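Participant: Just need the structure, nothing else, for what follows:
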Amino acid sequence: MSDYKNLRGKKVKFFTSDLSTADSEGQIFYSDTDKEYKVGVLGAAWSSGGAMNTARALLAAGGGSPQSASVVFGGATPSASALTEEYNGSGWAESGDMSNARKLLAGLGTQTAALATMGDGTATTSEEYNGTSWTTGGTLNVGRGRAQACGTQTAGLAFGGEPNDQKAKTEEYDGSSWTAGGDMNAGRQLGSGAGTQTAGLAFAGDANPGLLTSTEKYNGSSWTAVNASNTARKQSAGYGLQTAAILAGGTTGSNVATTELYDGTNWTASSNMGTARYGLTGSGTQSVGMAAGGNSGSLTNVTEEFNQTAMTVTAAAWASGGNLNTGREGTATGGTQTAAIAFGGGSHPTYHALAETYDGSSWTEVGDLNTARQSHGGAGSQTAALAFGGKQAPNAGLNNSEEWDNSSWTEGDNLNTARAKMAGFGTQTAGLGVGGYSSPPETTFGLTEEYDGTSWSEQDDLSTARRYLQGFGSQTAGLVTGGYVSTAQTATEEYNGSSWTAGGSLIASIYAGGTAGPTNSAGLIFGGFNPGQGSVITYGYDGSSWSTRPNMATGRSHLSGTGTTTAALAVGGQNPPSTKNLAATEEFTGDTTSLNLKTITDS
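Facilitator: Numbering: from 1, shown residues only. Next up, the predicted model:
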C-alpha cells in the first residue's frame, strides 16, 4: 500500500504552530501546540467587497477581467444608464460614460479592452472601451437585447436574446465587424455566458416561456448540448471558461443566492452569495471572481468576491470599538488603531482640553491640554503627539501648539498664522498644518506650515485655499483632499516636502471627515458632509485615484481618525439632529486571509 508521501509528494511535518499560507493546501502536519494532526483544505466562499458608487441592475461587465481589475457598465438605475465603474479589488471608481445609455446589454473583454453591445429592444450598436473612454464599435447584423456575450474585444461572441426569432442567433466580432456564427440548438434570453469566441458556454436564461437549466458549448462554428445546471434561473451572473465557469444568483420567480460551478462536464453546487439578487453581473475566473449590482427587492450596489482557495478570506469592514469617556466633535488624533490618542474637541457649548488614550479596546483619560480647543490640527503618536491651532469660544483662530510626552502637555512654538478647521498630520518633530479658517474677518487659507520639533515655518501654499479639509501622510509625502470654500470640494493635492501637485479628485465632495494613512499613496477618508451631515461613506486612495470602501456603521461629520488603510480608527464627531456629541469609536480592518484548516480524526 502506498504511503502519504508517495501519494502527495509531501511528508507529514511537525510544527509548533499552525501553517498559514496557501501553498500549504493538502499538507498534513502535526500541531505540537494543539497536539492534533491537521491539513490545509480547499474551500470556496463569497465575501463582501467595496460597494459600487451607483446602485443598478441589468448591467454588464468585461467578463474576462480579473477580480482586482474589473469593469461594469450600463444598467438600470432604474432608467437606462451610461455609467462605467472600475474595481481594483477593494473598491469602485467612476470612469468615462458610454456614448449611449443602455440596460439589458451584453458585455465582454477586460478593464482596458471591453465591449458593450445591444441593449433593451433591438439595438445593433456596439461600443469599445480602452480603460478610459468609449468609442463606436461595429454594428450587429441583427438588432436584439437581453443577449449574452463572452470573449475579448477583438474576438468576441454574442448569442441569444430577443425578439423571439433571434433567441438562437450567434454573431462573432473581430474587433471591427460582426459576422454570423452557428445558431444555438435552443434559443434563450436573459441567460449567462462564459469562455472565448472559439470555446464559449451558454447557460441558464429564459426560453420565453420557461426558465432553463440547459447548457451549450461553442467550438467556433457550432453549438453542442452538454450537461444541464441544477437550478433553472435567469438574470444571473456568469463568467469564467468553458471548462471552468461559474453561475451565481438570479431569479427562479424568487431571488436566489445559489452558486454552481462547471468543470467542463458537470455543474456542482457551491457556497451561496451573501445577498440573493437578480440582474447582477460578474467577471473573473472560477477561482477568483466578483459579482456586482442587481436587484434584491430594490436596486443594490452590493459587490461580492468569490474565492476558491485554501485561504479563508475575511472582507474589509468597520466594527465597533470602545466609546470615548466624553463624547465630542472636532477632536484631533494620533497614533495607531491599538495605541491612539484623542485630544481637545467640543461638546456644545463646552470646548475641551481633555485627552484620552486608546489601547485597542477602551479609552483612558490622561493629562489635559493646557488650552481647550476644537477643530484644531493634530499629529504624532500616542506617546509623542502634537496639537496646534484650533478655535476657542468666542474667537476662531488659535496659533499656539502643544507637545505631549506621554505624561503631560508642554507649550511648543506658535504657528505663524492663527487658524482653525485645518488638516494636520505627520509626527511631533515633523508635522504639517495645512489650510484652515479664521474669523473675524472671515478668511479661508491655503497656507502650509511645517514643524520640526522646535519651530513652524511657512512653505508652499495649496493651489486651492479651503477649510474643513482632510489630510493624511507625512511631512514629505502628504495629501489633502476635499474641504469647503463657498461650496464643498473634490480636489486632491499631494505634497512632496516642498510643493503641492494635483492628485486624483474625490468621487464626491467631502468636508469635515476623518482620515487615516501613512503616506500620500495609501490612505482613507470617511464620514463628513457627503453631501449632508453624518455620512457613512469611506473612500480609499492608492496614489492616483479614489475608490469605495465598506461604509461605517455610524454616520458622522466633524470626526477624527488615525491609523492605516488596513487598521484605521474613527473617533467621535456629530450627527445632527439625533446626536451632536458622539462618543462612538469604530475600527476598520482591511481584507485578511487565513489558511482553511481541518483537524484529522480517526472517525
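
Participant: This structure - how does it break down into domains?
Facilitator: Listed by automatic domain parsing, the domain ranges of the chain are 4-41, 45-311, 331-588.

Participant: Which one, of the ones you listed, ends up nearest to residue 324?
Facilitator: Within these, the stretch nearest residue 324 is domain 331-588; the backing value is 4.2 Å (C-beta to C-beta). (Each C-beta comes from the backbone N, C-alpha and C, glycine too.)

Participant: Confidence-wise, which of the domains of the chain is weakest overall?
Facilitator: Here the lowest mean pLDDT among the domains of the chain goes to domain 4-41, at a mean of 65.

Participant: Beyond the helix or strand hosting residue 493, next helix or strand please.
Facilitator: Assigned by DSSP states H and E, residue 493 falls within strand 492-495. Proceeding N to C from strand 492-495, the next assigned helix or strand is strand 500-502, under DSSP H and E.

Participant: Sheet partners, orientation included, of that next one?
Facilitator: Strand 500-502 sits in its sheet next to strand 492-495 (antiparallel), going by DSSP bridges.

Participant: quick one: the partner strand to chain centroid distance?
Facilitator: 21 Å (C-alpha atoms, centre = their mean, to the nearest Å).

Participant: do stretch 501-521 as well
Facilitator: 15 Å.

Participant: For stretch 308-327, measure first residue to last.
Facilitator: One end of stretch 308-327 to the other measures 44 Å (C-alpha to C-alpha, to the nearest Å).

Participant: buried set for it?
Facilitator: Using 16 or more other C-beta atoms under 10 Å as the burial criterion, the residues of stretch 308-327 that qualify are 308-311, 313, 315-318, 321-322, 324, 326-327.

Participant: Just after the helix or strand where residue 114 lies, pick out the following helix or strand.
Facilitator: Using DSSP H and E, residue 114 maps to strand 113-117. Using DSSP H and E, the helix or strand that follows strand 113-117 in sequence is strand 126-129.

Participant: And residue 302, how far from residue 92?
Facilitator: In this view, residue 302 and residue 92 are 11 Å apart by C-beta to C-beta, to the nearest Å.

Participant: what comes into contact with the strand holding residue 493?
Facilitator: The contact list for strand 492-495 (C-beta atoms under 8 Å, 6 or more residues apart in numbering) reads 432, 434, 448, 460, 462-464, 473, 475-482, 500-506, 520, 541, 546.

Participant: Could you identify the buried members of these?
Facilitator: Buried by 16+ other C-beta under 10 Å: 432, 434, 448, 462, 464, 473, 475, 477-482, 500, 503-504, 506, 520, 541, 546, out of those.

Participant: pretty sure residue 384 is touching residue 405, no?
Facilitator: Yes: Residue 384 lies in contact with residue 405 (C-beta atoms under 8 Å); the separation is 6.8 Å.

Participant: Can you pick out the residue with more neighbours from the two?
Facilitator: Neighbour count, other C-beta atoms under 10 Å: between residue 384 and residue 405, residue 384 has more, with 18 against 12.

Participant: Please, which helix or strand holds residue 403?
Facilitator: strand 401-404.

Participant: ok, residue 186 - contacts?
Facilitator: Taking C-beta under 8 Å, 6+ apart as the contact definition, residue 186 lies against 168, 207, 212, 214, 216, 225.

Participant: number of nearby residues for residue 437?
Facilitator: Other residues lying near residue 437 total 23 when counted by other C-beta under 10 Å.

Participant: same thing with residue 410?
Facilitator: The number of residues near residue 410, taken as other C-beta under 10 Å, comes to 10.

Participant: Begin at 31 from now on, thanks
Facilitator: Will do, 31 is the new start, and the previous item becomes residue 440.

Participant: tell me the phi and psi of it?
Facilitator: Main-chain torsions, residue 440, degrees, to the nearest 10: phi -130, psi 150.

Participant: do you know how far the residue nearest to residue 483 when sequence neighbours are not counted is from residue 508?
Facilitator: Closest residue to residue 483 apart from its sequence neighbours, by C-beta to C-beta, 6 or more residues apart in numbering: residue 459 at 3.5 Å. Per C-beta to C-beta, residue 459 is found 15 Å from residue 508.

Participant: With residue 399 instead?
Facilitator: Separation of residue 399 from residue 508 (C-beta to C-beta): 24 Å.

Participant: And for residue 177?
Facilitator: Separation of residue 177 from residue 508 (C-beta to C-beta): 50 Å.

Participant: now do residue 540
Facilitator: In this view, residue 540 and residue 508 are 17 Å apart by C-beta to C-beta.

Participant: what does residue 533 give?
Facilitator: According to C-beta to C-beta, residue 533 and residue 508 sit 11 Å apart.

Participant: list residues touching both of the two?
Facilitator: Jointly contacting residue 533 and residue 508 under the rule C-beta under 8 Å, 6+ apart are 524, 550.

Participant: quick one: which of the domains of the chain is nearest residue 629?
Facilitator: Judging the domains of the chain by C-beta to C-beta, what sits closest to residue 629 is domain 34-71, at 5.2 Å.

Participant: Neighbours of the residue lying closest to residue 99 once chain neighbours are set aside, how many?
Facilitator: Excluding the flanking residues, the one nearest residue 99 by C-beta to C-beta, 6+ apart is residue 141, at 4.5 Å. When counting by other C-beta under 10 Å, one arrives at 23 neighbours for residue 141.
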